[in-house]
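In: Kindly return the folded structure for what I paste below:
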Amino acid sequence: MRLKFIFGTCEVIAELDENKAPMTVDAIRKCLPIKSVVNRWGDEIYFETPVKITTDENSKDVVEEGDVAFWIPGKAICIFFGKTPISDEKIRPASAVNVFGRIKEGLGLLKEIKSGTKVIVQID
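Out: Model prediction:
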């Protein structure tokens, strides 16, 4: 399954890995389309969702550039395109996240997205 993230006129495509995080992907799928407002934390975009997940699944404290994840405490989808304020040589989220996909198209466009930008998430 692929998701399209629409940030105004900018579109980014992610490929989801249902084998790594099947419960997370299923919970997100049930809430689509999702409309929210972007927050930035360094080179991470995150936004609150109506998704309810309580289970750590493929949970990671270190992520890769292009990872798409779900942050349980904030009920947020996170997209990592560089280092966060707590990163060292590795990309570190605020706390462990359920990694469920990777950006396949438009990763470089994310640097232009600012906090307060509206986002729509839908199936591609």
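In: name the element the residue nearest the centre of the chain belongs to?
Out: Taking C-alpha atoms, centre = their mean as the criterion, Cys78 is the residue nearest the geometric centre of the chain, at 2.8 Å. Using DSSP states H and E, Cys78 falls within strand 76-80.
In: Parallel or antiparallel, list what pairs with that strand.
Out: strand 44-48 (antiparallel), strand 67-71 (antiparallel) (DSSP bridges).
In: Extract the CA atoms of the first one and return them as CSV.
Out: C-alpha atoms of strand 44-48 as CSV (Å, rounded to 0.1, in the frame of the first residue of the first chain):
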residue,chain,number,x,y,z
GLU,A,44,11.2,15.8,11.3
ILE,A,45,7.6,16.5,10.3
TYR,A,46,4.9,15.2,12.6
PHE,A,47,1.2,15.8,12.9
GLU,A,48,-1.6,14.6,15.2
